[in-house]
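Participant: pasting the sequence and the predicted coordinates here, then a few questions.
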Amino acid sequence: MVHGTSQRLKTIALVLGSGLVGSLLTGTALAQQDNMINARASINQGIGYLQAAVPDKGGHRANAIRLAHQAVREINLGIGYSNTH
C-alpha cells in the first residue's frame, strides 16, 4: 500500500509541476503580447473617432477606417501566430 501511495504522490507532483510550468510559460507568452493588445485597443479607439468624424473627407476617412480594421486583423493574426509558435 505504501508503494502505491508513493507512486500516486509522484504522479500528482508531476501533474502539478507540469501545470505550474505550463502556467508560467503561458503567463510569459501573454505578457509578451501586452504591446500588441494595447496597440489593438488604441486602433479600435481610433476607429471610433474616425466613425464619429464628419463623413465627407474625399473618401480618406472611409479608407482610414478600412485600413484600421485591416491593422486590427493583422494584429490578431500576429497574436495568434505568436501564441502557437
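Facilitator: Looks like it came in fine. Computed from a prediction, not measured in an experiment: that's the story for all the values here.
Participant: quick one: average pLDDT of the helix or strand harbouring Ile37?
Facilitator: Using DSSP states H and E, Ile37 maps to helix 34-52. Helix 34-52 comes out with an average pLDDT of 97.
Participant: next structured bit after that helix?
Facilitator: Next element after helix 34-52 (DSSP H and E): helix 60-84.
Participant: what packs against that following helix?
Facilitator: Under the contact definition 3 or more C-beta pairs under 8 Å, 6 or more residues apart in numbering; DSSP states H and E, helix 60-84 sits against helix 34-52. C-beta here means a position set from N, CA and C on the backbone, and glycine is covered the same way.
Participant: restricting the selection to alpha carbons, write the helix it packs on to CSV.
Facilitator: C-alpha atoms of helix 34-52 as CSV (Å, rounded to 0.1, in the frame of the first residue of the first chain):
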residue,chain,number,x,y,z
ASP,A,34,0.9,43.4,-24.0
ASN,A,35,2.1,45.8,-26.7
MET,A,36,0.1,44.1,-29.4
ILE,A,37,-3.0,44.1,-27.2
ASN,A,38,-2.5,47.8,-26.3
ALA,A,39,-1.9,48.7,-30.0
ARG,A,40,-5.2,46.9,-30.9
ALA,A,41,-7.1,48.8,-28.2
SER,A,42,-5.7,52.1,-29.4
ILE,A,43,-6.5,51.4,-33.0
ASN,A,44,-10.1,50.4,-32.0
GLN,A,45,-10.4,53.7,-30.2
GLY,A,46,-9.1,55.5,-33.3
ILE,A,47,-11.7,53.7,-35.4
GLY,A,48,-14.4,55.1,-33.0
TYR,A,49,-13.1,58.6,-33.5
LEU,A,50,-13.0,58.2,-37.3
GLN,A,51,-16.5,56.9,-37.3
ALA,A,52,-17.6,59.9,-35.3
